[in-house]
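Student: can't give you the sequence, but here's the structure:
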């Protein structure tokens, strides 16, 4: 696997990790805040020298990488339909994000504001998660089709869960932007599916050595 393919695989693992954590949050399951932190850090890194600058602790993407392998290797009936919908929605929004200079400018201002607030708050504190949620709701969500999140109605009524889900959607869009910047294209999942799967399996093996 060459460097560019590895970068695409890592970015796709991050998208899958975000989708998986959205599913967990919506159902009231416990959240791995170390994994959340890695995804949230990625949003703030806009001029990286390498992909490890975006996701410094790759081991925290292990579950996303495993999900990527699962989604690609099984029969269609074995795929997680909810996760597939989240992935498709994130990809669709990402295309619109990358086409809008206004959105790029607004996100840059958001990142500057958050970085200033990190002098006083931890990245995964409720206050910063709320900032991420606001950015998603006000900047990204209006430009595309709404992503329907499925889960426990009682859980999804909670403002803290709503904000966590929106923050995770923002991290998913960030990862999808990165994937596209490294040359990822949706048609690869039609014509290059086996190659993506081999790369994902290879990345899984790499993670098993560092975790």
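Tutor: That came through, no problem. Remember, it's a predicted structure, so these values are computed and weren't measured experimentally. Numbering: from 1, shown residues only.
Student: just checking, residue 12 touches residue 69?
Tutor: No: using Cβ atoms under 8 Å, residue 12 is not in contact with residue 69; the gap is 10.6 Å. To be clear about C-beta, it is placed using only N, CA and C from the backbone, and glycine gets the same treatment.
Student: Identify the contacts common to those two.
Tutor: When Cβ atoms under 8 Å, 6 or more residues apart in numbering defines a contact, the residues bordering residue 12 and residue 69 alike are residue 200.
Student: of the two, who's got more company?
Tutor: residue 12 (30 against 19; other Cβ atoms under 10 Å).
Student: Just the buried positions in the helix or strand residue 17 falls within, please.
Tutor: If you go by DSSP states H and E, residue 17 is part of helix 3-26. Neighbour-count burial for helix 3-26 flags 5-26 (criterion: 16 or more other Cβ atoms under 10 Å).
Student: In this structure, where is pLDDT below threshold?
Tutor: 74-78, 191, 211 (pLDDT under 70).
Student: Identify the residue nearest the geometric centre of it.
Tutor: Nearest to the mean C-alpha position of the chain, counting by Cα atoms, centre = their mean, stands residue 172 at 2.3 Å.
Student: is it true that that residue touches residue 83?
Tutor: No: the criterion here is Cβ under 8 Å, and residue 172 misses it with residue 83 at 10.9 Å.
Student: where do the contact lists of those two overlap?
Tutor: Here residue 172 and residue 83 share the contacting residues residue 19, scored by Cβ under 8 Å, 6+ apart.
Student: helix/strand/coil for the residue in the chain sticking out farthest from the centre?
Tutor: No residue in the chain sits farther from the centre than residue 120, which is 25.1 Å out by Cα atoms, centre = their mean. Look at residue 120: counting by DSSP: H, G, I helix; E, B strand; the rest coil, its state is coil.
Student: What is the three-state secondary structure of residue 123?
Tutor: Following three-state DSSP, residue 123 is assigned to coil.
Student: show me the contacts for it.
Tutor: Contacts for residue 123 were tallied using Cβ under 8 Å, 6+ apart; they are 37, 40-41.
Student: can these go into TSV with extra columns for distance to residue 113, secondary structure and neighbour count?
Tutor: Listed next are the contacts of residue 123 as TSV, based on distance: Cβ to Cβ, whole Å; DSSP: H, G, I helix; E, B strand; the rest coil; neighbours: other Cβ atoms under 10 Å:
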residue	distance to residue 113	secondary structure	neighbour count
37	19	helix	16
40	14	helix	21
41	16	helix	19
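Student: and residue 146, helix, strand or coil?
Tutor: For residue 146, the assignment made with three-state DSSP gives coil.
Student: Now for it, how many residues are close by?
Tutor: Neighbours of residue 146 using other Cβ under 10 Å come to 9.
Student: Over to residue 184?
Tutor: Residue 184 is flanked by 23 other residues according to other Cβ under 10 Å.
Student: so it touches residue 12, yeah?
Tutor: Yes: assessed by Cβ under 8 Å, residue 184 is found in contact with residue 12 at 7.0 Å.
Student: Which helix or which strand is home to residue 160?
Tutor: Per DSSP H and E: helix 159-181 holds residue 160.
Student: which is the next helix or strand following that helix?
Tutor: helix 188-191.
Student: Could you check how far that following helix is from the centre of its chain?
Tutor: Mean-position distance between helix 188-191 and its chain equals 20 Å (Cα atoms, centre = their mean, to the nearest Å).
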